[in-house]
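> Please find the sequence and the predicted model below.
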Amino acid sequence: MIAMLLVLALDLVLRGSVYDQSGLAVSKALVYVDGTQLSTETGTSGRFELTISPARAGTLVVYRDGFSAVSTKFDPLDPQTFEPVRVVLTPAPLSETVTVRAPRAPAQPPSTFSMRPLDVVRTPGSAADLMRALQTLPGVAQIDEGAGLYVRGGDSSEVLVLLDDAIVFHPYRAEIPGGGLFGSVEPFLLAGASFATGGFSARYGNALSAVLDLHGLARPDAPQTNVTVGLAGASLRLARPLGAHAGLRVSGNRSFPGLPFALNGRPYEFNPLPGGWDLNASAHYDSPSAGRFKAFVNGIGDGVGVHVDSVSFGGLLRSSTISHLAALHWTDVIGRAWLATATVGVTRYARGTTAGVLSLKTTDVRASWRAAVERALGAWTLGLGGDRIDARTHLDGTVPERGGDLGGVSGSTPLDVRYGDVVSGAYVETERRIAAATVTVGARAQQFSLARETAIDPRVNVAVDVASHQKLSFAWGLYRQAPDASYYSHVSNAGLQAMRARHLVAGYEYGSEDGPVHLRAETYWKQYEALPLENAGGLFVSNGYGSAHGVDLFGHMKSRRLDVTADYSWLAAERRWTAVLDRGKFTMLPAGTWRPDFDIPHTAHVMTRFDFTRRLSTSAGWRISSGRLDTPVVGAVSTTAGYVPIYGAINSERLPRYERTDLTVSYLSQLLHSRAVLFASVGNLFARTNFFEYAYSANFSARRPVTSATPRVVYFGVTLTR
């Protein structure tokens, strides 16, 4: 993916507009930098411009008589600093006066992390990819070289991804089982992201493990052009205001992977090289009377042909994908009391995959909508909402009769699955501050049409301030999710139930994400029920179960020049469950549970950033984790078609530990009358040999590790902004 960074000018110019809750411009509002004499006032259109020389980080404050002051932090290295800020002032509470107001932001539940585009590009080794950056957070395990998110003992399919409340059903590019090589959402289309790794509230449904809530950029208030050219591709982003209330954003990326492989070498055969494109556009309209509207469209295409070594197969795996997403989002404050949002979205996704006897075409069409309202009622905050997902999937082609047997030694099976399901949900949630505690209680009702199941799941979150800058948090809840469409290739007339999970989370936190010191420690327990499991007849039934428990530790310390983040996770997971691609792989399942592929007991990350000067900065990251689990082949049976492997106990062997060090350097300057950044990075700096599986000889008498296709990666480029 294209590593993209925004830029720093010698003088930092902050621009923006100030409005009241009804959308009207606020003139003569005082805008100043906290702790300095730098200030200005908004004009009749509500706009302001403030120059800071020399550029430095600080806090921008906006104040007007009769309104509460609004503060927002800025950083000359943050990409959003160069985006015009939109400030909405709310009436200040008056003594002996009843003020009707919109609801306050809900208390942050435990197990939640925020991430900005700047955090993504500053994460060494992430290649400016959101999903890869999220893999460095506590509670997320990395089981291969892909971007899949395996959260607290859960499969990557158990993560709900939302973009402005529209569901992103295929959040990966170059998609493979268990995720993909990269995330499909460009980080600089985002204002930020919130990632909940457990105990999330009742407003989210149809997810067992985690929620990734993405927030797109708002209407542009000033024109801006960004161009990035790197070793592996190029990108262009344009932002243009249209009058006083409308705006347009357009962006595109195109990769040309030949150059990085020419520089870094090509240990594997590729035909074609991994590459792709994406186009994005959003139209914005802020109506003074009807609220804010945003229409977003996205198109993505990619393809790759790569040599793979699998059990009984060595050859090219070819995959090509094209997907389109369209969404319409609306938000408004109704009656100066109710904060209302509504989103509708449609996704069409098509992928073709061939490898040996595997030849599969997947067509997926998903439509969804979400609507919610919130308001403050004295000391209470009330939230209500509903959502619906209409899924239509067609799987067509041939698959191995035995899981993983791409060579087809045990034969192949034709596949023609037409899947349709509707999942509907509604929730109610209340929040109240009681002394030092903030309590959120909610319930979610969900109806799964294909499973013919309706259920109500309660959820509770409690945060207690125990001392200055310190709090304890607790969360408990029940969660359900529909099984993946691929399971319906082999089911009995009884069908499948909705999968179920129970979360219990307890945590301690010191400081805050924006403070100089932020420490978190959490422990969690998860119980799974009704997981898909292959029975003796080769059919999937809902008899599976499992559990996961662990501890996540996180620390972040920053000063004017140095920023250090460290985290550690311990996990113990077990399941009695069949991954859809493992159907028929094992002739007989053992009694009880076993450890799944994503049981990674120990994971640790350390990342540092040091600013040598205002222009020169470097980031380094080190990560280490327990090796992936593997099921060894302990023998083979000769047949006319070849050798059929005999497997040992499921996941009874653990591969060597995973470890790598990454380095990124950036230099800020002026180029072609534009703000510019020159950047370079080295992934896996010491070229450590990591591997996640074994390849076997034809008769399974010998094996060798399948090492990384890119043991060390050098990348560089330049970004221009004007």
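Good, I have the coordinates. Numbering: from 1, shown residues only.
> if I look at residue 667, how far off is residue 720?
14 Å (C-beta to C-beta, to the nearest Å). For glycine as for every other residue, the C-beta is placed from the backbone atoms N, C-alpha and C.
> Would you mind listing the buried residues in whichever strand or helix holds residue 114?
Element membership for residue 114, per DSSP states H and E: strand 112-115. For strand 112-115, the neighbour count (16 or more other C-beta atoms under 10 Å) marks 112-113, 115 as buried.
> got the domain boundaries for the protein?
12-89, 214-721 (automatic domain parsing).
> Who does residue 471 form a beta bridge with?
residue 465, residue 509 (DSSP bridges).
> quick one: secondary structure of residue 170?
coil (DSSP: H, G, I helix; E, B strand; the rest coil).
> Could you pull up the residues touching it?
By C-beta atoms under 8 Å, 6 or more residues apart in numbering, the residues touching residue 170 are 184, 323, 347, 349, 364.
> Grab the longest helix from the chain for me.
Assignment by DSSP state H gives helix 258-264 as the longest helix of the chain.
> Tell me the first helix or strand C-terminal of that one.
Following helix 258-264 in sequence, per DSSP H and E, is strand 275-287.
> how about that following strand as CSV, C-alpha atoms only?
Extracted C-alpha coordinates of strand 275-287, given in CSV (Å, rounded to 0.1, in the frame of the first residue of the first chain):
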residue,chain,number,x,y,z
GLY,A,275,-1.6,-4.4,-7.4
GLY,A,276,-4.8,-2.5,-7.5
TRP,A,277,-6.7,0.8,-7.6
ASP,A,278,-9.4,2.6,-5.7
LEU,A,279,-11.6,5.7,-6.4
ASN,A,280,-13.5,7.6,-3.7
ALA,A,281,-15.8,10.5,-3.8
SER,A,282,-18.0,12.2,-1.1
ALA,A,283,-20.5,15.1,-1.6
HIS,A,284,-21.5,17.2,1.5
TYR,A,285,-24.3,19.5,2.1
ASP,A,286,-24.9,21.3,5.5
SER,A,287,-28.5,22.6,5.5
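> Looking at the buried residues of strand 112-115, spot the one nearest residue 648.
residue 113 (38.2 Å; C-beta to C-beta).
> how far is stretch 498-513 from where the chain is centred?
Stretch 498-513 sits 17 Å away from the centroid of its parent chain (C-alpha atoms, centre = their mean, to the nearest Å).
> Identify each buried residue in it, please.
So, applying 16+ other C-beta under 10 Å, buried residues of stretch 498-513: 498-507, 509-511.
> still on that earlier bit, now render the buried residues of strand 112-115 as a markdown table, adding distance to residue 576 and pLDDT.
Formatted as a markdown table, those follow (distance: C-beta to C-beta, whole Å; pLDDT from 0 to 100):
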| residue | distance to residue 576 | pLDDT |
| --- | --- | --- |
| 112 | 30 | 83 |
| 113 | 31 | 84 |
| 115 | 34 | 81 |
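> of these, closest to residue 601?
Taking C-beta to C-beta as the measure, residue 601 lies nearest residue 113 of the buried residues of strand 112-115, at 21.6 Å.
> Would you agree the closest one is in contact with residue 194?
Yes - counting by C-beta atoms under 8 Å, residue 194 is a contact partner of residue 113 at 7.5 Å.
> comparing the domains of the chain, which gets the lowest mean pLDDT score?
The weakest mean pLDDT among those belongs to domain 12-89, with a mean of 77.
> quick one: contacts of stretch 261-277?
173-174, 181, 231, 252-258, 300-307, 316, 318, 707, 709-714.
> and it, which residues are buried?
Using 16+ other C-beta under 10 Å as the test for burial, stretch 261-277 gives 261, 264, 270, 273-276.
> so who does residue 389 touch?
Contacts of residue 389 by C-beta under 8 Å, 6+ apart are 167, 206, 366-368, 421-424.
> Kindly report the same for residue 406.
Contacts for residue 406 (C-beta under 8 Å, 6+ apart) come out as 308, 310-313, 315, 355-358, 400.
> What are the boundaries of the strands in the stretch 601-722 of the chain?
602-611, 616-625, 629-630, 633-639, 642-647, 653-654, 658-671, 674-683, 691-696, 703-707, 713-721 (DSSP state E, counting those that start in this stretch).
> Now tabulate those in JSON lines and tack on distance to residue 488 and mean neighbour count.
Listed next are the strands of the stretch 601-722 of the chain as JSON lines, based on distance: least, C-beta to C-beta, whole Å; neighbours: other C-beta atoms under 10 Å:
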{"stretch": "strand 602-611", "distance to residue 488": "34", "mean neighbour count": "18"}
{"stretch": "strand 616-625", "distance to residue 488": "34", "mean neighbour count": "19"}
{"stretch": "strand 629-630", "distance to residue 488": "27", "mean neighbour count": "18"}
{"stretch": "strand 633-639", "distance to residue 488": "30", "mean neighbour count": "13"}
{"stretch": "strand 642-647", "distance to residue 488": "26", "mean neighbour count": "18"}
{"stretch": "strand 653-654", "distance to residue 488": "32", "mean neighbour count": "14"}
{"stretch": "strand 658-671", "distance to residue 488": "34", "mean neighbour count": "19"}
{"stretch": "strand 674-683", "distance to residue 488": "39", "mean neighbour count": "21"}
{"stretch": "strand 691-696", "distance to residue 488": "28", "mean neighbour count": "18"}
{"stretch": "strand 703-707", "distance to residue 488": "31", "mean neighbour count": "14"}
{"stretch": "strand 713-721", "distance to residue 488": "39", "mean neighbour count": "20"}
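> Do I have it right that residue 569 meets residue 605?
No - between residue 569 and residue 605 there is no contact under C-beta under 8 Å: 9.1 Å.
> Tell me which helix or strand residue 317 sits in.
strand 313-334.
> other SSEs contacting that strand?
strand 166-167, strand 172-176, strand 291-310, strand 338-355 (3 or more C-beta pairs under 8 Å, 6 or more residues apart in numbering; DSSP states H and E).
> between those, which gets nearest to residue 128?
That would be strand 172-176 among the helices and strands packed on strand 313-334, by C-beta to C-beta, at 13.1 Å.
> Next SSE downstream of the closest one?
Reading on from strand 172-176 to the C-terminus, the next helix or strand found by DSSP H and E is strand 179-183.
> Please export the C-alpha coordinates of that following strand as CSV.
C-alpha atoms of strand 179-183 as CSV (Å, rounded to 0.1, in the frame of the first residue of the first chain):
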residue,chain,number,x,y,z
GLY,A,179,-8.9,-11.3,6.2
GLY,A,180,-6.7,-9.9,3.5
LEU,A,181,-3.2,-8.4,2.8
PHE,A,182,-4.3,-4.8,3.5
GLY,A,183,-7.3,-2.9,4.7
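> elements contacting that strand?
helix 130-134, strand 172-176.
> quick check, distance from that strand to the centre of its chain.
Its chain's C-alpha centre and that of strand 179-183 lie 10 Å apart, by C-alpha atoms, centre = their mean.
> quick one: contacts of it?
1, 127, 129-132, 145-149, 156, 171-174, 274, 304.
> what pairs with that strand, and is each one parallel or antiparallel?
As assigned by DSSP bridges, strand 179-183 forms pairs with strand 172-176 (antiparallel).
> Roughly how far does residue 263 sit from residue 236?
For residue 263 relative to residue 236 (C-beta to C-beta), the value is 23 Å.
> next one: residue 529
Counting by C-beta to C-beta - residue 529 and residue 236 are separated by 49 Å.
> tell me the contacts of residue 301?
276-278, 320-323.
> Neighbour-wise, give me the winner out of the contacts of residue 170.
Ranked by neighbour count (other C-beta atoms under 10 Å), the contacts of residue 170 have residue 184 at the top, with 27 neighbours.
> Skipping adjacent residues, who's closest to that residue in space?
Among residues not flanking residue 184 along the chain, residue 173 sits closest, at 4.9 Å (C-beta to C-beta, 6 or more residues apart in numbering).
> Bridge partners for that neighbour, pull those for me.
According to DSSP bridges, beta-bridge pairing links residue 173 with residue 182.
> what residues are up against the closest residue to residue 245 other than its chain neighbours?
Excluding the flanking residues, the one nearest residue 245 by C-beta to C-beta, 6+ apart is residue 286, at 4.9 Å. Listed by C-beta under 8 Å, 6+ apart, the contact set of residue 286 reads 23, 219, 245-246, 292-293.
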